[in-house]
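Peer 1: the sequence and its predicted three-dimensional model are supplied below.
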Amino acid sequence: MPPRKSSANGSSSSSSKKDEIQVSKSPAEFFAENQSIAGFDNPGKSLYTTLRELIENSLDACESVNVLPDISVTIEEMTQAQFNKMRGVPSGSPAKKQKKLDEKDDSTTTNDAAAEKSGGKGSKKPRRSGGDAYFLVTVRDNGCGMAHEAIPDLLGRVLSGSKYGVRQTRGKFGLGAKMALIWSKKSTGVPINIKTSHVKGVRGGGGGSLLTEDGKRKIGPKVSSCVLDIDIYKNQPRVIEHKQQDNKEGWIGTQMQVLVAGNWTTYKSRVVQYLQQLAIITPYAKLEMAYSNRTDEKKAFNLQFDRRSEQMPAQAREVKHHPSSVNNLLIQQLLERTRSTTLLKFLTSDLSGITAAVGKKLIDRLGSSFDADMGPDEMDDKQITRLVQMLRSTDNLFKSPDGGCLSPLGEYNLNLGIQKVVEPEIIATARDKPGAYDGHPFIVEAAVSLGGKDAKEGITVVRFANRIPLLFEGGADVATRVANSKIKWSSYKIDHKRDKIGVFVSIVSTKVPFKGTGKEYIGDDITEIQQSVKRALQGCCQQLRAHLAKRNALRDVKERKSRLLKYIPDVSKSLFGILEVMQKRKQEESDGVVRPASPRKRTAEWSPMKRIKTNEEDVSSILDRMSKGEISEQILKQSLQEAVEINADAVFGVDGNDNGDTRKGGSTSKKDDNDDKQPLCLVPIYDEPTPGSNVIRHPLFDFYPINISP
């Protein structure tokens with residue numbers, strides 16, 4: 001077909017192209033279309049992220065008012081047919097056809113259960129698509145609750161939150177619960193249900209207290225109920241129902257219920273793993289989860305992690321921006337919002353780490369176009385650029401960012417959390433000194449454990465950022481790379497291939513340098529964080545090395561004792577056989593029977609290495625005792641066993657404990673004050689001890705007591 005002719009002005013005469021139209025989208029609409037940014041990649045991941053966001057909101061609500069968290073999670077799975085029946089959705093098919101669909105769902109579930117019992121053999125398990133399963137998720141906590149009039153804006157407006165600023169938080173952008181609402185709207189069209197009780201004057205972030213003067217907890221007079229939807233095009237909440245009633249239960253907290261599509265088959269292990277790791281990083285919380293299936297009751301199960309500690313981390317404080325962390329846009333915003341009247345006052349009051357003397361020195365370095373008394377509103381774009389360049393290039397002039405504003409878990413709680421969930425044989429914890437990168441303070445805490453329940457051989461890395469478990473993309477994380485390539489495990493008596501090593505790394509910061517939009521891992525390109533993680537893990541390993549050296553030495557002694565005890569019956573039998581032969585020859589010599597000398601017999605002069613020399617008196621004494629029945633095979637066996645036990649007791653202690661100085665039950669063995677005390681000198685001794693000296697044997701050294709004259 002020949003091309004169409006163009007008109008004289010060069011445009012196509014039949015063109016129906018419309019001019020491009022500029023369209024602006026609300027934040028809610030943008031994230032609804034790009035939900036993978038917030039972790040809602042697929043139905044399974046969306047279910048996991050929904051649970052995670054609601055649970056972490058509950059933790060924040062409890063920690064903000066210093067209340068030990070009690071969080072319960074309920075997950076109820078239903079099929080599409082059950083969902084349609086519950087919602088009254090018309091199926092568009094005759095009743096008989098719908099009945100067949102229900103029967104098909106039931107038979108599929110039965111076949112799935114049979115396949116699980118048979119180990120998955122015989123028939124392939126049909127893979128259920130994400131949209132075929134629906135989940136009613138309920139999360140309940142005992143936190144601060146929400147004010148009645150604030151509920152719609154708190155949960156129905158994307159990017160609306162109270163965590164903006166320079167402060168350590170689990171989230172910053174006000175996305176979590178709102179994205180759960182958006183996913184519910186997209187996958188099921190069902191709004192969320194909120195039930196909350198709030199005490200007036202108590203708010204998150206430390207505002208007010210939930211405890212009365214006598215230590216009792218305050219109770220809100222009313223319970224608010226809200227059914228909430230969201231208008232994603234206007235980014236506004238759409239309230240369906242909003243009412244209050246008397247608080248007859250005496251309850252305070254929040255309960256959120258959302259109905260979403262998901263895939264439990266592929267993400268069940270991730271949900272369980274998340275709760276296990278959350279129990280490690282929040283040992284002061286009580287976590288409960290109950291899963292049920294409306295089709296198959298046998299699939300139901302419960303998880304519970306009891307509270308192990310009552311010591312909560314201190315709340316993180318909000319701080320001002322450090323000079324080395326600013327940029328042009330931030331300085332421009334600060335200048336517009338400041339209440340300071342001069343540039344010097346702006347530098348000292350709106351930024352951290354700048355004193356009056358440092359501020360004057362900084363203004364002098366800026367040049368003649370700057371004056372300490374000039375107003376912040378007098379600065380133009382060029383001056384702002386110059387100020388930013390000077391602030392970022394002279395960081396040695398300012399104080400380092402203060403790590404005191406952060407809220408790490410603490411070694412005590414980290415140790416308890418790992419013991420509660422992992423149950424390791426041994427564990428060591430360490431915290432590195434506070435550091436900073438680009439003006440943002442951070443603290444690294446680490447733990448290394450050996451053994452434990454369900455532990456695997458090799459290195460297993462568990463990662464946390466701002467006390468949030470990170471489950472995905474672990475291979476590129478700084479903790480994983482440092483543990484696998486920067487730590488020489490063999491130098492700490494640890495076999496990184498055969499030992500069951502657990503590596504736990506927790507990083508808290510005012511700005512965690514996540515990589516990627518999913519915020520699931522921290523890159524190793526920031527040298528300060530990488531070195532801090534390495535130092536913390538090395539501190540743990542150094543603690544373990546001292547213990548492992550002692551443990552290995554004691555293990556060697558135990559193995560030696562076991563080998564000796566194994567051969568005692570044969571040795572005692574052989575020794576007694578030799579004595580019997582000697583006794584027989586002695587008897588023959590006394591009877592006058594003379595036997596020719598053995599060609600193998602050697603004199604003492606022919607064996608200069610022979611150390612033990614016997615004489616006739618010793619031999620006669622032993623044979624006489626044997627004749628009297630004082631020496632028998634059983635007596636030899638018993639004596640050898642006693643000698644081995646005494647040798648082992650010299651290492652383990654008199655009571656046989658590995659500690660050496662403690663008895664069972666933890667009571668320390670004590671001597672009478674009237675016992676003679678002999679001082680010990682730790683000096684190198686090159687000669688053999690004198691006969692009769694009491695040598696204290698140890699696998700690593702020997703102690704020789706020496707009398708010291710006054």
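Peer 2: Happy to help now that I have it.

Peer 1: in the strand or helix carrying Lys85, what counts as buried?
Peer 2: Here Lys85, judged by DSSP states H and E, is contained in helix 80-87. By neighbour count on 16 or more other CB atoms under 10 Å, the buried set for helix 80-87 is Gln80, Ala81, Gln82, Phe83, Asn84. C-betas here are computed from N, CA, C, even on glycine.

Peer 1: include distance to Lys243 when you put those residues into JSON lines, please.
Peer 2: Formatted as JSON lines, the buried residues of helix 80-87 follow (distance: CB to CB, whole Å):
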{"residue": "Gln80", "distance to Lys243": "32"}
{"residue": "Ala81", "distance to Lys243": "32"}
{"residue": "Gln82", "distance to Lys243": "29"}
{"residue": "Phe83", "distance to Lys243": "26"}
{"residue": "Asn84", "distance to Lys243": "28"}
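
Peer 1: tell me which of these is nearest to Tyr567?
Peer 2: The closest of these to Tyr567 turns out to be Gln82 (CB to CB; 70.0 Å).

Peer 1: so where do the strands sit in the stretch 501-650 of the chain?
Peer 2: 514-515, 521-522 (DSSP state E, counting those that start in this stretch).

Peer 1: what lines up beside the first one in the sheet?
Peer 2: Partners of strand 514-515 in the sheet, by DSSP bridges, are strand 521-522 (antiparallel).

Peer 1: and the partner strand, what's its mean pLDDT?
Peer 2: For strand 521-522, mean pLDDT is 92.

Peer 1: and it, how far from the chain's centre?
Peer 2: Centroid separation for strand 521-522 versus its chain: 14 Å, with CA atoms, centre = their mean, to the nearest Å.

Peer 1: do the same with stretch 433-452
Peer 2: Distance, centroid of stretch 433-452 to centroid of chain: 12 Å (CA atoms, centre = their mean).

Peer 1: and it, how far apart are its ends?
Peer 2: 29 Å (CA to CA, to the nearest Å).

Peer 1: for that stretch, list every residue counted as buried.
Peer 2: 434-437, 439-450, 452.

Peer 1: following the lowest-mean-pLDDT helix or strand in the chain in sequence, what is the next regular element?
Peer 2: Within the chain, no helix or strand scores below helix 95-117, which has a mean of 50 by mean pLDDT, DSSP states H and E. Sequence-wise, the next helix or strand downstream of helix 95-117 (DSSP H and E) is strand 133-140.

Peer 1: what sits against Thr282?
Peer 2: Under the criterion of CB atoms under 8 Å, 6 or more residues apart in numbering, the neighbours of Thr282 are Leu59, Pro69, Gly417, Arg467.

Peer 1: quick one: contacts for the first one?
Peer 2: Residues counted as contacts of Leu59 (CB under 8 Å, 6+ apart) are Pro69, Ile71, Asp141, Arg170, Thr282, Ala285.

Peer 1: for the residues you listed, which one is nearest Ser46?
Peer 2: Arg170 (19.0 Å).

Peer 1: how much space between the closest one and Arg386?
Peer 2: 37 Å (CB to CB, to the nearest Å).

Peer 1: next one: the longest helix along the chain to chain centre, how far?
Peer 2: Longest helix in the chain by number of residues (criterion: DSSP state H): helix 527-590. Chain-centre distance of helix 527-590: 37 Å, with CA atoms, centre = their mean.

Peer 1: now it: average pLDDT?
Peer 2: Here helix 527-590 scores 86 as its mean pLDDT.

Peer 1: okay, now the unreliable bits of this protein?
Peer 2: Low-confidence segments of the chain (pLDDT under 70): 1-19, 91-132, 161-165, 171-174, 201-215, 394-395, 594-615, 651-710.

Peer 1: give me the number of neighbouring residues for Lys218.
Peer 2: 15 (other CB atoms under 10 Å).

Peer 1: nearest residue to it in space, please, no chain neighbours.
Peer 2: Val199 (4.7 Å; CB to CB, 6 or more residues apart in numbering).

Peer 1: how many neighbours does the one you found have?
Peer 2: 19.

Peer 1: verify the stated contact: it with Gly220.
Peer 2: Yes. Proximity of Val199 to Gly220 meets the contact threshold set by CB atoms under 8 Å, at 4.9 Å.

Peer 1: tell me which of the strands of the stretch 501-650 of the chain sits most buried.
Peer 2: Greatest average neighbour count among these goes to strand 521-522 (a mean of 24), per mean count of other CB atoms under 10 Å.

Peer 1: what sits against Lys234?
Peer 2: Taking CB under 8 Å, 6+ apart, we find Lys234 in contact with Ser26, Ala28.

Peer 1: tell me, what's touching Val199 and Gly220 both at once?
Peer 2: What both Val199 and Gly220 touch, as defined by CB under 8 Å, 6+ apart, is the set Gly145, Ile252.

Peer 1: just to confirm, which helix or strand has Leu278 in it?
Peer 2: Counting by DSSP H and E, Leu278 is part of helix 264-281.

Peer 1: buried residues in stretch 531-541?
Peer 2: Buried, per 16+ other CB under 10 Å, within stretch 531-541: Ser532, Val533, Lys534, Arg535, Ala536, Leu537, Gln538, Gly539, Cys540, Cys541.
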